[in-house]
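K.L.:
dropping a prediction and its sequence here:
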Amino acid sequence: MNPYRKLGTAFILGALAICLSACQKASVNKEMQSEAPAPLSAAPPLITGERIMAADSAPGEWLSHGRDYAEQRFSPLKSVTDTNIEKLGLAWYYDLPHRRGVEATPLIADGVMYTTGPWSLVFALNAKTGELLWQYDPKVPGEVGGVACCDVVNRGVALWGNNVYVATLDGRLIALDRNNGSVVWEVETLINDTDPYTITGAPRVVKGNVIIGNGGAEMGVRGYVTAYVADTGEKAWRFFTVPGNPAEGFEDDTQKMIAETWTGEWWNNGKGGGTAWDSFAFDPELNLLYIGVGNGSTWNHKLRSPEGGDNLFLASIVAVNADTGEYVWHYQTTPGDTWDFTATQHMILAELEIDGATRKVIMQAPKNGFFYVVDRVTGELISANNYMPITWATHVDPETGRPVENPRARSGDGSFVVVPASVGAHTWHPMTYSADTGYVYIPALANAAMYREEHHTERRKTVGNLNYDMSLLFSVPDELSVTQRNELSQGLRAVLIAWDPIANQEVWRREGGLYSGSGLLSTAGNLLFQGNLEGEFSAYAADTGDRLWNQQVYGGVIAAPISYEIEGEQYVAVMQGWGGDSALVLGVMLGQHNFVNTSRILVYKLDGKAQLPMPPDRVEQMLAAPTVEKGSAKQVAEGRPLFHLYCAACHGGNATSSGMLPDLRYRIDAVASAWQAIVMDGALKTNGMPAWKDYMTSEEAEAVKAYVVHEAQLGHERGEKRLAQAP
Ligand code: CA
């Protein structure tokens, strides 16, 4: 039993009694709260590396993003089991203020839940009752939403000492006093204020340093990871994942080494990419920090690095010294990435018996479709096998550790269906590893796309930097054959896989419905928890995959569940809020779902009796014929690629929204007269709709409008309808 456990509960209850009146007031007036934090007479025990490393002896807590540094996301709690799961019911829920994507993993320490919502807001709640203790709003400017490739999400906080750490969408790292949410320190993590970086990832704290990367490879940035001293915010070290311009001098010998694997002027043409926007793991014995590195920028290898080259450390797992950030080894999953095949996916550390020896391994199922087992001491590949169907490669050569590519996969002429596509066979949704079953569980995705090259040399703060035709990637274009359309649109679905990492093969799989299933949690009760887009939160038998329990939660779930214990009762928590990466852009494939999006914390326990409110009534709304003036055929043709360059990432391919952000086809009559003010001048920028006047001319904005009117007319003629909130 955790020695802090009882002590912590006593402390926090004392603190709560003092805090409640002040903190409740603070939640009403956030301005006042940050200026005048409520004083506390007693602080809970400090969060330390020892406490995080001893996670298994304090299974009631969840102190770090993946529960422990190995990031296994397995809870040793077993009050809730495969034999009593039918009694699991809602203990409490809490509604967050913004109805956008929620990807956070809540942390639990000393009876308090610390978590984040859309726009990087931080919440501290009584983990037993759901009572809000405090909330903190970093006030991210709305227009930053326009440079976030993948929604205004945040994956959660880190804990250390007496602080909570959040990294904000606009690139700040902030330490808050965990007792009252007041700011302890704040640093700018971005290396300049011109490049369109964002942060969505959860920090980790390793040996007293807060580790944070960033995102933005879709927009044209250079990736790096920084460590800040947890107590002070002082920079400890920084590790660049791709080289800069050699003429400006390399930061270190590693940069010189990796620059040998690049050609052309990558520093001018996309800046390399390689952002580390999500996954880290730490081995305290080896003193190695593992960094999952993302895709290239531009996506198209031929334009990014014209004479070829592997382009280190794109799509790689990189091990660095945890104290200094110095390079130790790397394993590159996709040399010369050209498909957005990141290796930022969840990495899990474990000890496995392989061929009679105990191996310290790191495991990853990156976007490219292969499951990798790598020796985490040396970086040597132990095994690789594809966990989903793939067309881009046949296998990984066990001698060289390199994929053997399909020669057509890089053709870029739009004739080859690449499987998986940029969505990936698995993306950020966390996996879980159960030492009880010996399986890794993968929230996998089936998808496919065609890559047709475009040649943009101008850099833009939009997803239009990729040098592929986005109208092909993110939609089902009219000009495709019926067979191709079916192959692409029906392919997009979720698959839940139990994987044996020793045999490196599948044990069981369940077809999971529409893209995507949520992140995962496994427990010692032989349970595996997952939510989905259809608003179900389910528990499966971890050994067989049988579905044992299911609740309708009236909203999509993408975040990973956790489990914790208070006063002998086990809780299972998950955050709800449909959104994130491809959710916004893929409306044409996903269709309109049958509920109003909510952003909510859901917490379950045995015999929980709380009830979710019924969602508001929905009524069918036909897509009306637009009454605004139609543009010319020339305008429509000009507007289509512009729309996919600037607008589709949020409003959906083919101007078809998945329902979170306005479907412009249904709104075009209402917004037509304000079109220039909204699109060019940023009249709605506080909502996250940027001004596009630096990117488009007024005439081009009119062409985009003509394209939207055209799609509205086509949709009307097809008899399209959606479910909308009753008036
Ligand atoms: Ca990407």
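P.N.:
Perfect, I can see it now.

K.L.:
contacts, neighbours, all on C-alpha from now
P.N.:
OK.

K.L.:
okay, and Leu176 sits in which element?
P.N.:
For Leu176, the element it lies in under DSSP states H and E is strand 172-177.

K.L.:
any low-confidence regions in the stretch 1-150 of the chain?
P.N.:
1-42 (pLDDT under 70).

K.L.:
next, count neighbours for the residue lying closest to Asp397 once chain neighbours are set aside.
P.N.:
Distances taken as Cα to Cα, 6 or more residues apart in numbering place Pro403 nearest to Asp397, at 6.0 Å, with adjacent residues excluded. By the criterion of other Cα atoms under 10 Å, Pro403 has 20 neighbours.

K.L.:
go on, Trp119?
P.N.:
Residue neighbour count, defined by other Cα under 10 Å, stands at 26 for Trp119.

K.L.:
for it, which three-state class applies?
P.N.:
Of the three states, Trp119 takes helix under DSSP: H, G, I helix; E, B strand; the rest coil.

K.L.:
ok, now which ones touch it?
P.N.:
Contacts here follow Cα atoms under 8 Å, 6 or more residues apart in numbering; on that basis Trp119 touches 139-140, 152-154, 168-169.

K.L.:
7 Å instead, please
P.N.:
Neighbouring residues of Trp119 by Cα atoms under 7 Å, 6 or more residues apart in numbering: 140, 152-153, 169.

K.L.:
same thing with Val373?
P.N.:
Neighbours of Val373 in contact, by Cα under 7 Å, 6+ apart: 361-364, 381-384.

K.L.:
need the buried ones from these selected in ChimeraX.
P.N.:
Those of the contacts of Val373 that count as buried under 16 or more other Cα atoms under 10 Å are selected in ChimeraX with:
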select :361,362,363,364,381,382,383,384
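
K.L.:
of the contacts of Val373, closest to Arg510?
P.N.:
Closest approach between the contacts of Val373 and Arg510, by Cα to Cα: Gln364, at 19.9 Å.

K.L.:
and the pLDDT at the closest residue to that closest one other than its chain neighbours?
P.N.:
Among residues not flanking Gln364 along the chain, Met347 sits closest, at 5.0 Å (Cα to Cα, 6+ apart). In this model, Met347 is scored at 98, pLDDT.

K.L.:
just give me the neighbour total for Met347.
P.N.:
Neighbour number of Met347 under other Cα under 10 Å is 28.

K.L.:
again, but for Glu307
P.N.:
Here the number of neighbours of Glu307 (other Cα under 10 Å) works out to 12.

K.L.:
let me see the domain layout of this structure.
P.N.:
3-606, 620-723 (automatic domain parsing).

K.L.:
related to what we said a few turns ago, so what sits opposite the residue nearest to Asp397 in the bridge?
P.N.:
Val396 (DSSP bridges).

K.L.:
now for it: which residues touch it?
P.N.:
Per Cα under 7 Å, 6+ apart, neighbours of Pro403: 393, 395-397.

K.L.:
in PyMOL, select just the buried ones from the residues you listed.
P.N.:
A single PyMOL command selects the buried members of the contacts of Pro403 (16+ other Cα under 10 Å):
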select buried, resi 393+395+396
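
K.L.:
distance to Gly201 and pLDDT added to the contacts of Pro403, as CSV?
P.N.:
Shown next, in CSV, are these (distance: Cα to Cα, whole Å; pLDDT from 0 to 100):
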residue, distance to Gly201, pLDDT
Ala393, 30, 97
His395, 31, 98
Val396, 29, 98
Asp397, 32, 98
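
K.L.:
return the closest of the contacts of Pro403 with respect to Val636.
P.N.:
Ala393 (37.5 Å).

K.L.:
ok, the closest residue to the closest one other than its chain neighbours to Thr391 distance?
P.N.:
Nearest residue to Ala393, sequence neighbours excluded (Cα to Cα, 6+ apart): Glu405, at 3.9 Å. According to Cα to Cα, to the nearest Å, Glu405 stands 9 Å off from Thr391.

K.L.:
could you do Thr378 as well?
P.N.:
Counting by Cα to Cα, the separation of Thr378 from Thr391 is 30 Å.

K.L.:
take the helix or strand hosting Met450, keep the C-alpha atoms, and write them as PDB.
P.N.:
If you go by DSSP H and E, Met450 is part of strand 449-452. The C-alpha atoms that make up strand 449-452 are tabulated as PDB, following Å, rounded to 0.1, in the frame of the first residue of the first chain:
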ATOM      1  CA  ALA A 449      -5.900   7.200 -49.800                       C
ATOM      2  CA  MET A 450      -4.400   8.300 -53.000                       C
ATOM      3  CA  TYR A 451      -1.400  10.600 -53.000                       C
ATOM      4  CA  ARG A 452      -1.100  13.000 -56.000                       C
END
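
K.L.:
before I go, just wanted to say thanks for your time.
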